[in-house]
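**Q** sequence and predicted structure, then a few things I'm wondering about:
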Amino acid sequence: MTITAPSELARPTPTTGALSLGFFRSDSMITLLSVISIIAAWYLGTWAMSARVLPAPHVVATVLFEEMQKAQIWSDMAITLGRIAAAFFIAMTVSAVLGFTMGLSHVAGVFFRVWVVCFITIPALVIMLTCYMVIGLNDKAAILGAAIPIIPILTINIRESVKGIDLKLLGMAKAFRASRQQQVFSVVAPQIAPILLASARFGLGLVWKMILFAELLGRGDGIGHRIEFFYQMFNMTQVFAHALSFVIVMLFIEVAILGTIEKRIFRWRNQ
């Protein structure tokens, strides 16, 4: 006579259908289906329009592979990434200082609110052209012209995050005589970390678009300049190839770098 342990009786037996459903619900499978849908929509657009206007994905991929054998695209990529890093650092630093100041101080919130509203309503093109006219057609103007329009947007996000800190939890930490370091890293930081990471992702996406725009307007190198050059030649295959190269780089930064940082910061959620 075989005696079955209670734990074995309670353990569910997986079925083939459940395993298949779980596979299709996995993050990797959903991501793959998302990529396939984008490529399918791209092919549909190529079929609906002229291939000269919207070249097919395999044509663009072939041209991109050929360009990657040359040094020019890597040089332009490095230049553009350097400008993005500088503009992103300026935008996040200023936004964090303003956001925390406005969130913690009522006087500062009222004072800088007018500044934020003014700069958020000024078109980015006007700010970019003003920087080029005042500073000159150089990298400093391009970086500042890309960073300034992003600052008020990120400032609002960070300010609202700081204002949303649960003061009851902070009061409880003080009641239990937690040190100032424990209050900051164990109570305040977990509440503002999600919005700071979200702001960083949002800001990075905006900054790289602004940098490409700045290169298109007034620089003689970088991915944005190459896109503008090939657009003037009406070579849309090269335009899409250079744009795709940078999309791949930004996806790598999002998944490999920011995604890893997010998992390390929020690993306590899975515990």
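**A** Nice, thanks for sending it over. The structure presented is a predicted model; accordingly, all values stated were derived computationally and were not measured. Residues are numbered from 1 along each chain as shown.
**Q** tell me the buried residues in stretch 238-248?
**A** For stretch 238-248, a neighbour-count test (16 or more other C-beta atoms under 10 Å) marks 238-243, 245-246 as buried. C-beta here means a position set from N, CA and C on the backbone, and glycine is covered the same way.
**Q** ok, and what's touching it?
**A** 54-55, 60-61, 63-64, 67-68, 73, 76-77, 80, 208, 212, 223, 226-227, 230-231 (C-beta atoms under 8 Å, 6 or more residues apart in numbering).
**Q** how does it look with 7 Å?
**A** 55, 60, 63-64, 67, 73, 77, 223, 226-227, 230-231 (C-beta atoms under 7 Å, 6 or more residues apart in numbering).
**Q** among the buried residues of stretch 238-248, which ones are in strands?
**A** Among those, no member is found in strands (DSSP state E).
**Q** would you list those residues in a markdown table and tack on pLDDT and distance to H106?
**A** What follows is those, written out as a markdown table (pLDDT from 0 to 100; distance: C-beta to C-beta, whole Å):
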| residue | pLDDT | distance to H106 |
| --- | --- | --- |
| Q238 | 91 | 53 |
| V239 | 91 | 49 |
| F240 | 91 | 50 |
| A241 | 91 | 52 |
| H242 | 90 | 48 |
| A243 | 89 | 45 |
| S245 | 88 | 47 |
| F246 | 83 | 42 |
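**Q** where are the low-confidence patches of the stretch 51-200 of the chain?
**A** Scanning the stretch 51-200 of the chain for pLDDT under 70 picks out the ranges 183-185.
**Q** the helices in it, which residues?
**A** Taking DSSP state H, counting those that start in this stretch to define them, one finds helices in the stretch 51-200 of the chain at 57-67, 71-104, 106-121, 124-135, 139-147, 151-163, 167-175, 180-182, 189-218.
**Q** narrow the contacts of stretch 238-248 to just the buried residues.
**A** Buried among the contacts of stretch 238-248 (16+ other C-beta under 10 Å): 55, 60, 63-64, 67, 73, 77, 223, 226-227, 230.
**Q** just to revisit the earlier point, any chance of the contacts of stretch 238-248 in a markdown table, plus distance to L98?
**A** A markdown table is the format used below for those (distance: C-beta to C-beta, whole Å):
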| residue | distance to L98 |
| --- | --- |
| P55 | 43 |
| V60 | 41 |
| V63 | 43 |
| L64 | 40 |
| E67 | 40 |
| I73 | 37 |
| M77 | 31 |
| I223 | 30 |
| R226 | 35 |
| I227 | 32 |
| F230 | 39 |
| Y231 | 36 |
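**Q** just give me the residue closest to the centre of the protein.
**A** The chain has R201 as the residue nearest its centroid, 3.1 Å off, counting by C-alpha atoms, centre = their mean.
**Q** give me the nearest residue to it, chain neighbours excluded.
**A** Computed as C-beta to C-beta, 6 or more residues apart in numbering, the closest residue to R201 that is not its neighbour in sequence is L258, at 5.9 Å.
**Q** for L81, see how far away the one you found is.
**A** Using C-beta to C-beta, to the nearest Å, L258 is found at 15 Å from L81.
**Q** more crowded one of those two?
**A** Set side by side, L258 and L81 show more neighbours around L81, with 18 against 14, by other C-beta atoms under 10 Å.
**Q** burial check on the residue lying closest to that one once chain neighbours are set aside, number of neighbours?
**A** In space, not counting the residues next to it along the chain, L81 is nearest to V249; the distance is 7.3 Å by C-beta to C-beta, 6+ apart. Neighbourhood size, V249 [other C-beta under 10 Å]: 16.
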